[in-house]
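A.B. asks: Here is a sequence with its predicted model. Questions after.
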Number of protein chains: 2
Amino acid sequence: MYELFFQNFNKKVPLTQEEEVYIKNYLLPKKLRKKQYLLQEGDVCKTIAFIEKGALREYSVDDSGNEHIIQFGLEGWVISDLYSFLTGEPATYNIDAIEEAELALISKSAHEELLLKLPKYETFTRLNITGAYLAMQRRLTSIISTSLEERYTYFTSLYPNIVQRVPQHMVASYMGLTPETLSRIRRRISSNK
Amino acid sequence: MYELFFQNFNKKVPLTQEEEVYIKNYLLPKKLRKKQYLLQEGDVCKTIAFIEKGALREYSVDDSGNEHIIQFGLEGWVISDLYSFLTGEPATYNIDAIEEAELALISKSAHEELLLKLPKYETFTRLNITGAYLAMQRRLTSIISTSLEERYTYFTSLYPNIVQRVPQHMVASYMGLTPETLSRIRRRISSNK
DNA sequence: ATAAAGCCTTGACTAAAATCAATGCTTTTT
DNA sequence: AAAAAGCATTGATTTTAGTCAAGGCTTTAT
């Protein structure tokens, strides 16, 4: 049920059997149907979600109703409106399933208790957020310093899974483009081969 | 000498006098002249720098020789090529001083030793990287979902210090724009008042 | 089986940013 | 004090992305 979660955990910080049992008490399973929300803006984000199976997206909606995807989440990834989760303020992001998904949730109280009682959990959390930071930094660097073609090529080589499972208009949103522009970029890339 | 560092630390995780003395053994003071490098691309980043005084910038240089600033650093901030620091691979970023600066450096071995020996240091590190992640997430969201005017207005309200101390062409680089475009945006904003 | 919705691409046109050049003021260097 | 460099702005032109509309294919719903 939480196979990928513990696989991921053990890769970063090896756990004893007892520690795994202990942590398992804090995990909550959740299934989402395609398009079902995990979080809607305005609600407080009360859990961190580890993705065992499926694909999710995290996005904001602007004043004109346009969706801006800031993150996809696939198997092995963590997804949450972290600011809302940590501060208790209403979420500014929405999170929903792009395809059917199975999650392992950790509530805020569980998170805080694990941080206090299990040093390995703090290390696991620090390593996770460090990895997320570095990925976002690469992405930001790509945005401000490379062409759209280079950015798309980089994205597809880094995340071939996402490109295959996610509609193109969502990839465009994630990149900050319109679907028409992404289509033209894809044509330019393929005609340059 | 490390006044701001400990002020910042104690705000996040209160330290005893003994713990402060213990940590102080691991800190290295460093002064930079204006334009002096802390890090050059190609070298391995061996320290994390905490800024006691002054201003720095972290940037990459593309194939055409254009500089792309991904981060400024002022008093109280942390700056590093974190990927290089953690992996030992050559840095892809440069870091230099925009104005004269005083830093508190932590080497990789000191960092690792403190993580192992002082749980409060791990908490301090986790909170720092979490804050950095959230700041970058807001910035990314701003980039992919708002206009250039909104982004500049947001940036100047969030970081009035930076705008006052840093040349406009560097702000333009940080935003992923040309200096001419930034100048026109500033004119549009001021004429809309 | 058929209708509706979703998705993707393309064309034509508009808007915004980049490029290039020039000017002028301020700061730094000699 | 004078020259050089740095910085910022503006104009004209080019390039790139966005907008709007349309067409066609695939998937989903009835």
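C.D. replies: Yep, it's here. Residues are numbered from 1 along each chain as shown, chains lettered A, B, ... in the order given.
A.B. asks: all contacts plus neighbour counts: C-alpha atoms, from now on.
C.D. replies: Noted.
A.B. asks: What's the local residue count around residue A:161?
C.D. replies: 11 (other CA atoms under 10 Å in any protein chain shown).
A.B. asks: what's the helix or strand containing it in contact with?
C.D. replies: Counting by DSSP states H and E, the element that carries residue A:161 is helix A:160-165. Helix A:160-165 has contacts (CA atoms under 8 Å, 6 or more residues apart in numbering or on different chains) with A:72, A:74, A:156, A:171.
A.B. asks: how about the residues of chain A that lie near DNA strand D?
C.D. replies: Within chain A, the positions near DNA strand D by CA under 7 Å from any atom of the strand are A:147, A:148, A:176, A:177, A:178, A:180, A:181.
A.B. asks: what sits against residue A:20?
C.D. replies: Neighbouring residues of residue A:20 by CA under 8 Å, 6+ apart: residue A:6.
A.B. asks: Can you give the domain ranges for chain A?
C.D. replies: A:3-144, A:146-193 (automatic domain parsing).
A.B. asks: Quick one, which of these gets closest to residue B:10.
C.D. replies: Counting by CA to CA, residue B:10 lies closest to domain A:3-144 out of the domains of chain A; the figure is 17.8 Å.
A.B. asks: Find the closest residue to DNA strand D in chain A.
C.D. replies: Proximity of chain A to DNA strand D (CA to the nearest atom of the strand) peaks at residue A:177, 3.8 Å away.
A.B. asks: now the strands: where do they sit in chain A?
C.D. replies: For chain A, the strands defined by DSSP state E occupy A:27-32, A:37-39, A:47-61, A:67-73, A:78-79, A:94-107.
A.B. asks: Need these in CSV (columns: distance to chain B).
C.D. replies: Formatted as CSV, the strands of chain A follow (distance: least, CA to the nearest CA, whole Å):
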stretch, distance to chain B
strand A:27-32, 21
strand A:37-39, 17
strand A:47-61, 8
strand A:67-73, 6
strand A:78-79, 13
strand A:94-107, 13
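A.B. asks: Compile these into a markdown table and extend it with columns for mean neighbour count and distance to residue A:123.
C.D. replies: Shown next, in a markdown table, are the strands of chain A (neighbours: other CA atoms under 10 Å in any protein chain shown; distance: least, CA to CA, whole Å):
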| stretch | mean neighbour count | distance to residue A:123 |
| --- | --- | --- |
| strand A:27-32 | 16 | 18 |
| strand A:37-39 | 19 | 26 |
| strand A:47-61 | 22 | 16 |
| strand A:67-73 | 22 | 22 |
| strand A:78-79 | 21 | 15 |
| strand A:94-107 | 22 | 16 |
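A.B. asks: Kindly present those strands as a markdown table, with separate columns for mean pLDDT.
C.D. replies: As requested, the strands of chain A are exported to a markdown table (pLDDT from 0 to 100):
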| stretch | mean pLDDT |
| --- | --- |
| strand A:27-32 | 96 |
| strand A:37-39 | 96 |
| strand A:47-61 | 96 |
| strand A:67-73 | 95 |
| strand A:78-79 | 97 |
| strand A:94-107 | 96 |
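A.B. asks: so which of the ones you listed gets nearest DNA strand C?
C.D. replies: Here strand A:94-107 is closest among these (CA to the nearest atom of the strand), at 8.7 Å.
A.B. asks: which of the domains of chain A is buried the deepest?
C.D. replies: domain A:3-144 (a mean of 18; mean count of other CA atoms under 10 Å in any protein chain shown).
A.B. asks: Mind checking if that domain is in reach of DNA strand C?
C.D. replies: No - judged by CA under 7 Å from any atom of the strand, domain A:3-144 stays clear of DNA strand C, getting no closer than 8.7 Å.
A.B. asks: follow-up on the earlier one: mind putting the strands of chain A in a markdown table, distance to residue B:99 included?
C.D. replies: Shown next, in a markdown table, are the strands of chain A (distance: least, CA to CA, whole Å):
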| stretch | distance to residue B:99 |
| --- | --- |
| strand A:27-32 | 49 |
| strand A:37-39 | 44 |
| strand A:47-61 | 37 |
| strand A:67-73 | 34 |
| strand A:78-79 | 39 |
| strand A:94-107 | 41 |
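A.B. asks: Which among these is found nearest to residue B:127?
C.D. replies: Between residue B:127 and the strands of chain A, the tightest spacing by CA to CA is seen for strand A:47-61, at 16.4 Å.
A.B. asks: Please give the centre-to-centre distance between the longest helix along chain A and its chain.
C.D. replies: Counting by DSSP state H, the longest helix found in chain A is helix A:119-145. Taking CA atoms, centre = their mean, to the nearest Å, one finds the center of helix A:119-145 at 12 Å from the center of the full chain.
A.B. asks: How about stretch A:182-193?
C.D. replies: Stretch A:182-193 sits 27 Å away from the centroid of its parent chain (CA atoms, centre = their mean).
A.B. asks: For residue A:115, which of the strands of chain A is the nearest?
C.D. replies: Of those, nearest to residue A:115 by CA to CA is strand A:94-107, at 11.8 Å.
A.B. asks: Just checking the distance from the closest one to the centre of its chain.
C.D. replies: 9 Å.
A.B. asks: average model confidence for the longest helix of chain A?
C.D. replies: Confidence for helix A:119-145, expressed as mean pLDDT, is 96.
A.B. asks: just checking, what packs against that helix?
C.D. replies: Other elements packing on helix A:119-145 under the criterion 3 or more CA pairs under 8 Å, 6 or more residues apart in numbering or on different chains; DSSP states H and E are helix A:3-12, helix A:108-117, strand B:67-73, helix B:119-145.
A.B. asks: Quick one, which of the ones you listed gets closest to residue B:52.
C.D. replies: Proximity to residue B:52 (CA to CA) singles out strand B:67-73 among those, at 10.3 Å.
A.B. asks: who does that closest one pair up with?
C.D. replies: Paired strands of strand B:67-73, with direction, are strand B:47-61 (antiparallel) (DSSP bridges).
A.B. asks: What lies in contact with the strand it pairs with?
C.D. replies: Contact partners of strand B:47-61, identified using CA under 8 Å, 6+ apart, comprise B:2-5, B:41, B:67-80, B:82, B:85, B:92-108.
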